[in-house]
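K.L.:
The sequence and its predicted three-dimensional model are supplied below.
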Amino acid sequence: MQRNEIVKYWLESSDDDYQVMQSLFDNGHYAWALFLSHLVIEKLLKAYYVKCVDINYPRIHNLVEITVKANLELSEKQKGTLVELTTFNLRARYPDYKNRFQKKATRPFAEEKIAAAKELRQWLLKKIRS
């Protein structure tokens with residue numbers, strides 16, 4: 001695959017996950033919506049990495065680590081958002097975290113965190129498309 005095809009793949013996959021994230025949130029599945037918010041951002045970061053660094057993107061899930069590898073400068077607020085989104089990847093998957101996370105993942109909590117992910121998504125899309 002060519003670089004532009006790989007970037008397109010990550011963008012389309014992220015867009016699909018974004019739609020699912022929104023549907024899960026709208027239907028009250030807040031923990032899963034938060035898990036998907038991580039995937040939405042991870043895929044955009046991989047698109048950015050492929051566009052700006054190399055087609056051999058990092059096969060990792062730590063969002064801050066991907067930005068470091070991509071030489072992507074972040075504000076402290078953005079970095080904090082990425083740190084938190086990365087925890088949603090773990091908390092939705094593993095039983096020892098899952099039960100506690102589902103109790104924490106109320107509508108107001110999810111609304112706030114997903115809003116931060118959406119803001120980051122828009123910023124990343126601009127970076128990728130520029």
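P.N.:
Okay, I see it. For clarity, every value in this text was computed on a predicted model and none was experimentally measured. Numbering: from 1, shown residues only.
K.L.:
ok, which stretches of the chain are strands?
P.N.:
Ranges of strands within the chain: none, based on DSSP state E.
K.L.:
where does it dip in pLDDT?
P.N.:
Counting by pLDDT under 70, the chain shows low-confidence ranges at 91-94.
K.L.:
give the contact list for the residue minimising distance to the centre of it.
P.N.:
Nearest to the mean C-alpha position of the chain, counting by Cα atoms, centre = their mean, stands Ile41 at 2.2 Å. Neighbouring residues of Ile41 by Cβ atoms under 8 Å, 6 or more residues apart in numbering: Ser14, Leu63, Leu82, Leu85, Ala117, Leu120, Arg121, Leu124. (Glycine included, C-beta is placed from N, CA and C.)
K.L.:
from those, which is closest to Ala47?
P.N.:
Of all the contacts of Ile41, Ala47 sits closest to Ser14, with 7.0 Å by Cβ to Cβ.
K.L.:
one step back: what's the separation between the residue nearest to the centre of the chain and Arg100?
P.N.:
22 Å (Cβ to Cβ, to the nearest Å).
K.L.:
Just list the residues touching the nearest residue to Trp10 once chain neighbours are set aside, thanks.
P.N.:
With sequence-adjacent residues excluded and distances taken as Cβ to Cβ, 6 or more residues apart in numbering, Trp10 is closest to Ala47, at 3.6 Å. Contacts were defined as Cβ under 8 Å, 6+ apart; by that measure Ala47 touches Ile6, Val7, Trp10, Leu11, Ser14, Leu124, Ile128.
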